[in-house]
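Colleague: Coordinates only, no sequence provided:
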């Protein structure tokens, strides 16, 4: 069942890629249909999900793959991965709907995005480090072609920078994985076994180095300060749906790695270096917010707020590793907040990037100074943009609030000086209000005259994303019920 | 003497030799421009060699001819890969070589050079190593010069001079080792080199390794590779970047097993490996000729391939990962050259819009180049993964880090080639159209290679136990 969920998009992608005769319209609708089926399948997974006991995973499938190095095709889901699988299905569905009027090579584009969907789902489902790495790398390759093939302006150089930078990160990750493998006894790449064994506990130097390699890889992917420099150009030049997937899903591969790999497998090293992680998180939060404030390009601004929002996640998982004298409850709240933040950021930022794409589609620019008074000409766009902005700045009632509240409640309860990151919320609020004001209010001017209101596919793709954020903000229980036991398990693993 | 003069054990070598001679003789009786029959002869011989080599995979390890030739898994794998790779090269050159005046000579020389590489891989004796070196090298000089262009002449001269010079170094090194141990066979070297001054052993080792590095295209014997890859014909370029390497690296592995612990041979190899991958990569950065780019890329690949050689004997993973990587590299590299042969373009810029013109070739190029980078799920990824693991396990964590950094750096120049492929062709250019349709033979080889690269990467698990099982019988 889980393998079907992971590989169905790939199968569809192969069909689309291999048959050049497929008409464009059929390719576009096939894409929508497959992603819709995926969404249904993931919903079914969620409905059938029973929390696995004690470090196990549900819907487990394992087949020997490269037995020599103890690597197998091993997939499964738990409370950490299921929300992200669902997020992946939702964001890709939204992208497929958004692109239903795409004119630029729709068949290869659909094939590429379906391929990308498989690689993202695969990362979240993988329970083997080599399998994880395989899907992780494939997601980079897929995104490279998305940016290089469908991007604009300096797409070629941005895509190259993205590929080189994140590929370097993935190799650091691979080195870390090999270190874990060599330390394990018996040797294995199996994530469940490695998490249970924590093979490098008791050797602080080797543990620190391996954690360093893994953190470097994940930090580039997340991205955190100072490894974020690939992100703004990649986003600026990527097509709208590429940006939505990049920010909504691909960044989560990094933060997911923290809770899935780094924390459970290297608990001692994680505790030793938790303060570094917290500092990196705080700097990312503040730096991302301040740089975003200074942007005049809407897409760059949203890109930098991603650095800010991912900073909260890093801050929270770092705080969860600080041991001694603090109660596990607070750390658990922080990790729950981090997981919620991943889902929340995925929904909201994907919506914002799609909205930015609408703006560029109509007026050909992201420059905020070129617009003004859009509210008068495009009310639906304005409503959705305002909702997205408020959701992103963490207004109560939206998922971002639930996430960030828990992150700060947990982190400050554990490490009081993480309160240093609080101004980040303020700056983010300011910059979103400023952007909303610049774009939407005032007299209609400049390129705003070109902005026609949202069409049905745009409304039907962006609207549900924000609606889901709202739903999570008001009824967080279904999500939290899933996430909280998983967070508790991670905190327990890292605290042992 | 007569006891182990087991000619049947050398069946693959015999078949290839017979193929070379037959092709040459047949060629001299056929009209100059209608020598297609010799291709059939060469292909049959190589297929026969590959099949008989494959049959040898299951046998138990032994040596023949007084311990001078090893019949074990490394030999069997090297024979199999060399024969299959040469087979692919000849198919790849089907359109390029077919009907040319020197067709039969080309095939004969390729078979002879391949034979040299096979002996290089199998030999357990310094003197035979020297003979194999010459057998693998001399046909190569002629093959490179066969193109008759100024570039080919220069490349042939360069290769010849370097090959002659490093061949002398090899002979000198062999002489020193022989003098020290009083024997040239490896098992006697193993015993004889233990109690002799380590400086002298190191000097001898260095000399022999210099010769092997020439064949492997590794530092310090790498200077000829990019020139030859650019100057020679496409099929010859594919051949010379692939086949000699296989024999040379297995030879390096065998040689290293004879060196006593008093000489830190592993460190020497590790330094050469690091130098090869770094120099190869940095030189490849600015190339605009794809064959020259691939030439430098093979220098860096030789560096990665030396990593398991350095740690051979420290872990069970080193030898199988070397053999697997060799096969994986061979098919990926040949796939890339097949695309070059199919399109007929040497300049990077000409690949613009290839994805539109021939999507399948573009797909193969993506798969093969990403395989050379080492991206999963391609074959070289599995090779790199096991190589890195073996290297780290053998105590060369720094080398693995260098290799990983180089891998990331190598992505840059492979992408310089891939990026234009997916850009729309410029219409307003006054270029004479997109060029001819892809050639049939190399296009077929490209598809086969691309398929093997993918299937091999995903199905690596099936190949590994077989390889390990065969090695366990050593």
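Modeller: Sure thing, it's come through. If you're wondering where the values come from, they're calculated on a predicted model, not measured in any experiment.

Colleague: Now the longest helix along chain A: buried residues?
Modeller: As assigned by DSSP state H, the longest helix anywhere in chain A is helix A:328-363. Using 16 or more other Cβ atoms under 10 Å in any protein chain shown as the test for burial, helix A:328-363 gives A:330-363. No exception for glycine: its C-beta is placed from N, CA and C like everyone else's.

Colleague: Next, give phi and psi for residue B:378.
Modeller: phi -90, psi 170 (degrees, to the nearest 10).

Colleague: Residue A:98 versus the closest residue to residue A:361 other than its chain neighbours, what's the distance?
Modeller: Using Cβ to Cβ, 6 or more residues apart in numbering or on different chains and skipping residues adjacent in sequence, the residue nearest residue A:361 is residue A:240, 7.4 Å away. According to Cβ to Cβ, to the nearest Å, residue A:240 and residue A:98 sit 7 Å apart.

Colleague: hey, what's in contact with both of these two?
Modeller: Counting by Cβ atoms under 8 Å, 6 or more residues apart in numbering or on different chains, the contacts common to residue A:240 and residue A:98 are A:354, A:357.

Colleague: can you confirm residue A:402 is in a helix?
Modeller: Yes: with DSSP: H, G, I helix; E, B strand; the rest coil as the criterion, residue A:402 is assigned to a helix.

Colleague: What number of residues are in the vicinity of the residue nearest to it when sequence neighbours are not counted?
Modeller: With Cβ to Cβ, 6+ apart as the criterion, residue A:402 has its nearest non-adjacent residue at 4.9 Å, and that residue is residue A:476. For residue A:476, the number of neighbouring residues by other Cβ atoms under 10 Å in any protein chain shown comes to 19.

Colleague: try residue B:28
Modeller: By other Cβ under 10 Å, 11 other residues sit near residue B:28.

Colleague: same check, this time on the one 3 residues further on
Modeller: For residue B:31, the number of neighbouring residues by other Cβ under 10 Å comes to 6.

Colleague: can you check residue A:229 too?
Modeller: 13.

Colleague: Which secondary structure state does it sit in?
Modeller: Three-state assignment for residue A:229 (three-state DSSP): coil.

Colleague: which intervals of chain A have sub-threshold pLDDT?
Modeller: Chain A contains residues with pLDDT under 70 at A:323-326.

Colleague: Name every strand pairing with the longest strand seen in it and say which way it goes.
Modeller: Scanning chain A for the strand with the most residues, using DSSP state E, yields strand A:58-66. Strand A:58-66 has these partner strands in its sheet, going by DSSP bridges: strand A:71-77 (antiparallel).

Colleague: What helix or strand is residue 207 located in?
Modeller: Here I'm looking at chain A. If you go by DSSP states H and E, residue A:207 is part of helix A:204-221.

Colleague: The chain in question should be chain B.
Modeller: Using DSSP H and E, residue B:207 falls within helix B:198-216.

Colleague: And the closest residue in space to residue A:165 that isn't next to it in sequence, its phi and psi?
Modeller: Spatially, and ignoring its direct neighbours in sequence, residue A:165 is nearest to residue A:230 (4.0 Å; Cβ to Cβ, 6+ apart). The phi/psi pair for residue A:230 (degrees, to the nearest 10) reads phi -80, psi -20.

Colleague: My understanding was that residue A:230 contacts residue A:219; is that so?
Modeller: No: look at residue A:230 against residue A:219 with Cβ atoms under 8 Å: they stay out of range, at 11.9 Å.

Colleague: closest point of the stretch 51-200 of chain B to chain A, which residue?
Modeller: Relative to chain A, the nearest point of the stretch 51-200 of chain B is residue B:73 (14.5 Å; Cβ to the nearest Cβ).

Colleague: Neighbours of that residue, how many?
Modeller: Using other Cβ under 10 Å: residue B:73 sits among 25 other residues.

Colleague: from what I can see it touches residue B:323, true?
Modeller: Yes: when contacts are counted by Cβ under 8 Å, residue B:73 is listed as touching residue B:323 (7.3 Å).

Colleague: list residues touching both of these two?
Modeller: Common contacts of residue B:73 and residue B:323 (Cβ under 8 Å, 6+ apart): residue B:467.

Colleague: burial count for the residue in the stretch 251-400 of chain A that chain B sits nearest to?
Modeller: Chain B sits closest to residue A:253 of the stretch 251-400 of chain A, with a gap of 14.7 Å, by Cβ to the nearest Cβ. Counted with other Cβ under 10 Å, residues neighbouring residue A:253 total 24.

Colleague: after whichever strand or helix holds it comes which helix or strand?
Modeller: Element membership of residue A:253, judged by DSSP H and E, is helix A:251-257. Next along the chain after helix A:251-257, taking DSSP H and E as the criterion, comes helix A:263-265.

Colleague: so what's residue A:303 closest to, chain neighbours aside?
Modeller: Nearest residue to residue A:303 in three dimensions, chain neighbours excluded: residue A:235, at 4.0 Å (Cβ to Cβ, 6+ apart).

Colleague: With residue B:159 instead?
Modeller: Counting by Cβ to Cβ, 6+ apart, residue B:224 is the residue found nearest to residue B:159 once chain neighbours are left out, at 4.1 Å.

Colleague: same deal with residue A:328?
Modeller: Nearest one to residue A:328, counting by Cβ to Cβ, 6+ apart, is residue A:491 at 5.7 Å.

Colleague: for chain B, which helix is longest?
Modeller: helix B:150-181.

Colleague: orientation of it relative to helix B:198-216 in degrees?
Modeller: 150 degrees (axes from the mean of the first three to the mean of the last three Cα atoms, to 10 degrees).

Colleague: and helix B:150-181, what does it pack onto?
Modeller: The contact analysis (3 or more Cβ pairs under 8 Å, 6 or more residues apart in numbering or on different chains; DSSP states H and E) places helix B:150-181 against helix B:126-145, helix B:186-192, helix B:198-216, helix B:224-231.

Colleague: Run through the residues that contact the residue nearest to residue A:328.
Modeller: Per Cβ under 8 Å, 6+ apart, neighbours of residue A:491: A:320, A:328, A:331-332, A:335.

Colleague: Output the residues you listed in a markdown table, with distance to residue A:400 appended to each entry.
Modeller: Formatted as a markdown table, the contacts of residue A:491 follow (distance: Cβ to Cβ, whole Å):
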| residue | distance to residue A:400 |
| --- | --- |
| A:320 | 20 |
| A:328 | 25 |
| A:331 | 21 |
| A:332 | 20 |
| A:335 | 17 |
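
Colleague: Could you list the buried residues of stretch A:451-466?
Modeller: If you call a residue buried by 16+ other Cβ under 10 Å, then stretch A:451-466 has these buried ones: A:451, A:454, A:457-459, A:461-466.

Colleague: Could you tell me the per-residue confidence at residue B:469?
Modeller: On pLDDT, residue B:469 comes in at 69.

Colleague: For the residue nearest the centre of chain A, which non-adjacent residue is spatially closest?
Modeller: Centroid check for chain A by Cα atoms, centre = their mean gives residue A:252 as the closest residue, at 2.7 Å. Closest residue in space to residue A:252, ignoring its immediate chain neighbours: residue A:342 at 4.9 Å, by Cβ to Cβ, 6+ apart.

Colleague: for that neighbour, what are its contacts?
Modeller: Residue A:342 touches A:83-84, A:87, A:252, A:255-256, A:313, counting by Cβ under 8 Å, 6+ apart.

Colleague: which one is residue B:104 nearest to, not counting chain neighbours?
Modeller: residue B:27 (2.3 Å).

Colleague: Nearest to residue A:148, out of the contacts of residue A:491: which one, please.
Modeller: The shortest gap between residue A:148 and any of the contacts of residue A:491 belongs to residue A:335, at 36.4 Å (Cβ to Cβ).

Colleague: these two touch, right, the closest one and residue A:490?
Modeller: Yes: using Cβ under 8 Å, residue A:335 makes contact with residue A:490 at a distance of 5.5 Å.

Colleague: Residues that sit against both of those two, list them.
Modeller: A:259, A:320.

Colleague: quick one: the residue of the stretch 51-200 of chain B closest to chain A from residue B:388, how far?
Modeller: For residue B:73 relative to residue B:388 (Cβ to Cβ), the value is 22 Å.
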